[in-house]
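Peer 1: Got a predicted structure plus its sequence, pasted below:
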Amino acid sequence: MEEFNLNLGVQKKETALPEVFDVIIIGGGPAGLTAAIYNSRARMKTLIIEKQAMGGQVILTSEVEDYPGFENVAGITLVQNMEKQARNFGTHIVYEEVEKIMDKGEAKELHCASGKIYKTCAVIIASGAGYRQLGALGEIRFRGKGVSYCGTCDGAFFRNQEIAVVGGGDTALEEAVFLTRFAKKVSVIHRRDTFRGAKIAQEKAFANPKIEFIYDTVVEEIAGDRGVEKVKLKNIKNGKVSDLAVTGVFIFVGLIPNTIFLKGFVKMDEAGYVEVNAEMKTSVSGVFSCGDCNIKTFRQIVTACGDGAVAAYSAQHYVDRVKGTEYI
Ligand SMILES: Cc1cc2nc3c(=O)[nH]c(=O)nc-3n(C[C@H](O)[C@H](O)[C@H](O)COP(=O)(O)OP(=O)(O)OC[C@H]3O[C@@H](n4cnc5c(N)ncnc54)[C@H](O)[C@@H]3O)c2cc1C
């Protein structure tokens, strides 16, 4: 079997994957990549299974200013370095979507959408999270035709145009500032009258003359003909309805965990975030979980990496115990 890196330009071609891995990591974002660095450096047979693109959400981030050791680094560069580091220690990577985990006691089977089955002693879940939809009329119809969930990916299409950003968290504010590089005007539409985003993100957004704030307001409809032409807004305090002419709508209203494939397998909360203890152990022996897919208060690259390191450490001890090689 051959293995290629499809995405980040970290070229490596390998043959002959092991029949049974020591650890398989589901997801190639910062949590999964960190776990892979630690496990493969500990000489464990390590595989990352990634369904889309190595790097996870970080590849959607143009600039990262809060990862220690880097004053300002492109998201793609940061995760490219992590991937290189993992590969250099011997991590294998395949592009597949995991659909199901079967617990066969000391061995686990990972069933993929392609029909392939990968076997392993320990599993580390690092499947992260994805965008939440707004649920406004027209959102699905205009997706890719004016509706976007990623400023870095689509901002450049809106040069000198007037656009809307929907949301009130860190991502909405940071993306609104980023989008002013391209757009003539950015209207931030927020359903409350205060922002929950970090103070520094708020300061940057408030200081930007291209950004206008529309408070206490929800988007009821995204409308247009071939592309977006306007959003229909409703003020939730006075009920007033109005139109705002925009050609793009960027939606940043939160995340949903990529954990549907784990339903009924590990313990999760109502929203689908995985329950772990301080050692990143899930409710299933030999299955660990790290990063944005976990129940946690702060979802960032650095916290995902921290979780990944802990999960790798716990997985290593579990595998050694199962193999009878644990150093006590
Ligand atoms: C626009 C944006 C800007 C951000 N800016 C910053 C910032 O400046 N600083 C910061 O610290 N954080 C930032 N974040 C947050 C940060 O990117 C996340 O906290 C971090 O990426 C979480 O890492 P993770 O590895 O847990 O998950 P993810 O990055 O979500 O990676 C999970 C990976 O798992 C894969 N996967 C999911 N399900 C499966 C499956 N069934 N089979 C195989 N693979 C699967 C996904 O394809 C994905 O690649 C930003 C996020 C966004 C969206």
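Peer 2: Good, I have the coordinates. Residues are numbered from 1 along each chain as shown.

Peer 1: what about Asn238, how many neighbours?
Peer 2: When neighbours are counted by other Cβ atoms under 10 Å, Asn238 registers 7. From N, CA and C alone the C-beta is placed, and that goes for glycine too.

Peer 1: and the most centrally placed residue in the chain, helix, strand or coil?
Peer 2: Centroid-nearest residue in the chain, with Cα atoms, centre = their mean: Gln57, separated by 3.6 Å. Counting by DSSP: H, G, I helix; E, B strand; the rest coil, the backbone at Gln57 sits in helix.

Peer 1: Might one say that it is in contact with Gly29?
Peer 2: Yes: the criterion here is Cβ atoms under 8 Å, and Gln57 meets it with Gly29 at 6.3 Å.

Peer 1: Output the below-cut-off pLDDT ranges for this structure.
Peer 2: Across the chain, the ranges flagged by pLDDT under 70 are 1-15, 327-328.

Peer 1: domain ranges for it?
Peer 2: 3-131+255-323, 147-251 (automatic domain parsing).

Peer 1: buried set for stretch 144-162?
Peer 2: Within stretch 144-162, the residues scored as buried using 16 or more other Cβ atoms under 10 Å are Gly146, Val147, Ser148, Tyr149, Cys150, Gly151, Thr152, Asp154, Gly155, Phe158, Gln161, Glu162.

Peer 1: and the nearest residue to Ser114 once chain neighbours are set aside, how many residues sit next to it?
Peer 2: Residue nearest to Ser114 in three dimensions, not counting chain neighbours: Glu96, with 5.7 Å by Cβ to Cβ, 6 or more residues apart in numbering. When counting by other Cβ under 10 Å, one arrives at 18 neighbours for Glu96.

Peer 1: May I have the residues that are in contact with Glu96?
Peer 2: Going by Cβ atoms under 8 Å, 6 or more residues apart in numbering, Glu96 touches Ile49, Glu50, Lys51, Cys112, Ala113, Ser114, Lys116, Tyr118.

Peer 1: Let's see that with 6 Å instead.
Peer 2: Ile49, Cys112, Ser114 (Cβ atoms under 6 Å, 6 or more residues apart in numbering).

Peer 1: Got phi/psi on it?
Peer 2: phi -150, psi 160 (degrees, to the nearest 10).

Peer 1: and the gap between Val253 and Lys108?
Peer 2: Counting by Cβ to Cβ, to the nearest Å, the gap from Val253 to Lys108 is 35 Å.

Peer 1: Looking at those two, which is more packed in?
Peer 2: Set side by side, Val253 and Lys108 show more neighbours around Lys108, with 23 against 19, by other Cβ under 10 Å.
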